[in-house]
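>>> Here is my input; please provide its structure:
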Amino acid sequence: MRSKKCRISLQFIRKEIGSLKGKNALFSFITSVALLQFASCVEHRNFSDNSVIVHILAEPKGLHPVNNNDGYQRMIQQCTQKKLMSIDLARGKLVPDALEIAPIIQSDSLSYICVLNKGMRWDNGREVTAEDAIFSLKALICPGVNASDMKSIFANVESVDRDPNNPYAFSMRMKKKYFDNSNLLSYVVLLQRDFWDPKDVLGKYRFDQLNDESNAITIQDQAIDFLNAFNHPDKARVAKQMDGLGPYKLETWNSGSEIILRKKKNWWGDSSTLPQNQNNPERIIFKVIREMEPLILALKREEIDFSPELSAPALMRLQGKSGFNELYYSGITNSFSYTYMGMNMKPEAGRVPYFTNRQVRRAMALIMPVDEIIAVITKGKAYPISGFILPGQEDYDPNQKLLKRDLEQAKSLLTDAGWTDTDGDNIRDKIIDGKRVPFSFSLSYMISPVTGELVQLIKNAFYTVGIDIKPDGLEFSAFYEQAYAHKFDAMLGAWSSATQPEDPRQIWHSESWSNGGSNFVGFGNAYSDSLIEAANSELNPATRKIIMHDIQNVVQDEQPYVFLFNATRKYALHKRFGIDTLYRERPHIWFGALKTDTQ
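Residues are numbered from 1 along each chain as shown. Predicted structure coming up:
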């Protein structure tokens, strides 16, 4: 809702009229009317509808609880879905969510007993049971379900079975010991079995049958109707085709503009005191604003309640305005996210193999102007990093050294790798398969208010050593489609993590390159894979930390990424909620817990 309200104070108007005393009375009258008309013409948000408006830079590809998995989807999903376990934002620890208590580990360290909360109900009134949890786990690993990045995570699960004596309980047995077995359930969104699989197609298969690759083709043929319905695009975008256990439901998705959630009536968790179960706002609106200038204007008009996506220059500009500071809390909070340039180590046929040589990848890191990027792009509000485990995370290695910029060493490495300027055009080149190929690679990046400037800065820096960069700006979904398909030379990306111990398999194991996982760049060999498997099977935290340090060293030596910086979150939060601090874990606040003093 919006209304037209005066943005000029009555005191200001009286002052202006008073200054006209002694002047022409008619002029005075006309001027005062004009001032009043001007004061009434500015649109101003009406807060009476009890909506919370959250700014996002891009819309998610979809809201499918299994097939879509990106930061914005997870941000919205915290309102519409329930996981078996979820992150406690305040403590940075995983805690039971749909589970009554944390999974009970049995003496063999392979088996777990899980018990659901009683009284949870789907929108049709049916109570949630272990049948739903087992279906949810099966859906994650079912052949043909478009959730390839989840399959490697659950490859270690051998079986999942109902407790015949308790409709809320189920057991889960692992193939081998894994440091984070019980926390796998934080990836599991509870799905209503009869909504997603009304014919109980997956009920015909045991979990181990679905998780056996040798059965994949047969199951996909037999379950084709289920798979077509489960994977249908409408299940990710159309409100009537979506279902969830959370306190909010998708009401409207205006593509490219906003995603509107509506509070459910008579929700089963209305009386809960847990922060993740709060549902104070009637609506939560995720508003897409891609550029900083429109965002600054929206904040000035109070059209946004919370933005964790401000650039450093935008934040500094806003904080210089007293009117903004009267309305918003704002500042900088640390995060567990980092920005990187990934290099395609296994390019597909027909693509130039720029980065198959380790010396070349190291040269890229030595050229990268990290200090300048932090100073110019983030205005000094970020930190250089040495690898993928960040300070504050359990397995961080404080002994890893930052790589300092060294253009002369970079030039030497490039020359040794055969990249020299043989035709005098200031761009290095090399004979590859009998043809002279210029070092002119494409750098893919997701279009945002800051990435264009960042890519231009990188392009200018690399040109000084004879390398040409062709910027390739893409929208959010197209960027990740290209990354998963490995159709890029280099990519500018970002990962967000948490305090919890890191599982390096999804990003760094070679299987996560071949099976559609998140190893976009093709990193990995037998040795690095063996370290990852050793770390994941080690239950002693101290011993595991040593192995994780070894993995970090291998990644640093092989240089699949140029690590740029650990980003901070620049945020603005409206003061009407009375909250002035954010949690380090994303999404930094519980949106449903926001309420004003009048509520």
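>>> now the helices: where do they sit in the stretch 101-250 of the chain?
With DSSP state H, counting those that start in this stretch as the criterion, the stretch 101-250 of the chain has helices at 130-141, 148-151, 193-196, 207-210, 216-222, 224-230, 234-237.
>>> Include mean neighbour count when you put those into TSV, please.
C-betas here are computed from N, CA, C, even on glycine. Shown next, in TSV, are the helices of the stretch 101-250 of the chain (neighbours: other Cβ atoms under 10 Å):
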stretch	mean neighbour count
helix 130-141	23
helix 148-151	18
helix 193-196	19
helix 207-210	18
helix 216-222	14
helix 224-230	16
helix 234-237	18
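>>> CA-only coordinates of stretch 581-597 in CSV, if you can.
C-alpha atoms of stretch 581-597 as CSV (Å, rounded to 0.1, in the frame of the first residue of the first chain):
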residue,chain,number,x,y,z
THR,A,581,22.3,-5.8,15.1
LEU,A,582,22.6,-8.6,12.6
TYR,A,583,23.8,-12.2,12.9
ARG,A,584,26.9,-13.2,10.9
GLU,A,585,25.1,-16.2,9.4
ARG,A,586,22.8,-15.6,6.4
PRO,A,587,20.1,-14.3,6.1
HIS,A,588,21.3,-12.3,9.1
ILE,A,589,17.8,-11.9,10.7
TRP,A,590,14.6,-13.9,11.0
PHE,A,591,12.2,-12.1,8.8
GLY,A,592,9.1,-13.5,10.5
ALA,A,593,10.4,-12.3,13.9
LEU,A,594,10.3,-8.6,12.8
LYS,A,595,7.6,-6.6,14.5
THR,A,596,7.0,-3.0,15.4
ASP,A,597,6.3,-1.6,18.9
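>>> Pull out the buried residues from the longest strand along the chain.
Counting residues, the longest strand found in the chain (DSSP state E) is strand 328-343. For strand 328-343, a neighbour-count test (16 or more other Cβ atoms under 10 Å) marks 328-332, 335-343 as buried.
>>> Between its first and last residues, how far does stretch 199-210 reach?
17 Å (Cα to Cα, to the nearest Å).
>>> actually stretch 500-516, not the one I typed
Stretch 500-516 has an end-to-end distance of 24 Å (Cα to Cα).
>>> Now name the helix or strand holding Asn536.
Asn536 belongs to helix 526-537 when assigned by DSSP states H and E.
>>> which other helices and strands contact that helix?
The criterion is 3 or more Cβ pairs under 8 Å, 6 or more residues apart in numbering; DSSP states H and E, and the helices and strands that helix 526-537 contacts are helix 505-508, helix 541-558.
>>> Tell me the first helix or strand C-terminal of the last one.
The reference is to helix 541-558. strand 561-574.
>>> what pLDDT, on average, does that next one get?
On average, the pLDDT along strand 561-574 is 95.
>>> so what does that strand touch, helix or strand wise?
Using 3+ Cβ pairs under 8 Å, 6+ apart as the contact test, the elements touching strand 561-574 are strand 306-310, helix 312-319, strand 328-343, helix 358-367, helix 370-377, strand 382-383.
>>> could the ones you listed go into CSV alongside mean pLDDT and distance to Asn515?
CSV is the format used below for those (pLDDT from 0 to 100; distance: least, Cβ to Cβ, whole Å):
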stretch, mean pLDDT, distance to Asn515
strand 306-310, 95, 32
helix 312-319, 94, 38
strand 328-343, 94, 18
helix 358-367, 98, 23
helix 370-377, 96, 32
strand 382-383, 94, 33
